[in-house]
Every structure is written in structure tokens, then in C-alpha cells.
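In: Sequence and predicted structure below; questions after.
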Amino acid sequence: MISFPSPKYKFSRKWYEAEVNREDFNQVQAWCTEQFGPRPTVSDAWSRWFDNYGDRIFFRDEKDYQWFVLRWGT
């Protein structure tokens, strides 16, 4: 089970979750960094995206999620 850090502030926000092929993970992470900025050290309500260093990427905004799905087809 994934353990997310506690956010500094409490928001009700739906994170959009995309599966990632583990073999492509380094490329996916590099692409996300290029498109959406660096991976946050600690994700919170203002983080645009983050990953679990495995097989999932989480997006704050639906448009970012859709852009990811168009590129990586998950």
C-alpha cells in the first residue's frame, strides 16, 4: 500500500492516477520533469505531479493527466 506524506494544508482534491510500465519509468519521469517541472521532494496540494518510484504517476490537474495518457498510453 502506498503511504503518502501528510500535506501541510488540508484540501479535498482528487489526484489523477496513471499506471506506468516499470521498464519505461526513467523515461516517463524525465518526460514529466520536462513537461511539468521537477518532481517535488515532498508532495502537497500545490504539487503538480509526483510518483511512487514504481508503477504510478499522480497528477493534480486533469489536463496534465490527459496529456500524459496521450503520450504514454496508459
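Out: Everything's here; your move. Note that the coordinates shown come from a computational prediction; the quantities given were computed from them, not determined experimentally. Residues are numbered from 1 along each chain as shown.
In: Which pLDDT does the model give the residue most central in space within the chain?
Out: Residue closest to the average C-alpha location in the chain (CA atoms, centre = their mean): Phe58, at 2.9 Å. What the model reports for Phe58 is a pLDDT of 92.
In: residues making contact with the one helix or strand Ala30 maps to?
Out: Taking DSSP states H and E as the criterion, Ala30 maps to helix 25-36. Helix 25-36 has contacts (CB atoms under 8 Å, 6 or more residues apart in numbering) with 20-21, 39, 48-49, 51, 54-55, 57, 59, 64, 67-68, 71-72. For the C-beta atoms, the positions are set from N, CA and C on the backbone; glycine is no exception.
In: Keep only those of those residues that are in helices.
Out: 64, 67-68, 71-72 (DSSP state H).
In: so for stretch 13-25, what's the average pLDDT?
Out: Per-residue pLDDT over stretch 13-25 has a mean of 88.
In: Convert the C-alpha atoms of it to CSV, please.
Out: The C-alpha trace of stretch 13-25 is given here as CSV (Å, rounded to 0.1, in the frame of the first residue of the first chain):
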residue,chain,number,x,y,z
ARG,A,13,-8.5,17.1,-4.1
LYS,A,14,-8.8,14.2,-6.4
TRP,A,15,-5.4,13.1,-7.7
TYR,A,16,-5.5,11.5,-11.2
GLU,A,17,-3.6,8.3,-11.2
ALA,A,18,-1.8,6.7,-14.2
GLU,A,19,-0.1,3.4,-14.4
VAL,A,20,3.4,3.3,-15.7
ASN,A,21,5.3,0.4,-17.3
ARG,A,22,8.3,-0.2,-15.0
GLU,A,23,10.6,-0.6,-18.0
ASP,A,24,9.8,2.9,-19.1
PHE,A,25,9.9,4.5,-15.7
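In: got the buried residues for it?
Out: 15-16, 18, 20 (16 or more other CB atoms under 10 Å).
In: circling back to that earlier point, lowest-confidence one in the ones in helices among the contacts of helix 25-36?
Out: Within these, pLDDT reaches its minimum at Trp72, with 91.
In: What residue, apart from its backbone neighbours, is nearest that residue spatially?
Out: In space, and not counting its chain neighbours, Trp72 is closest to Val28: 6.2 Å by CB to CB, 6 or more residues apart in numbering.
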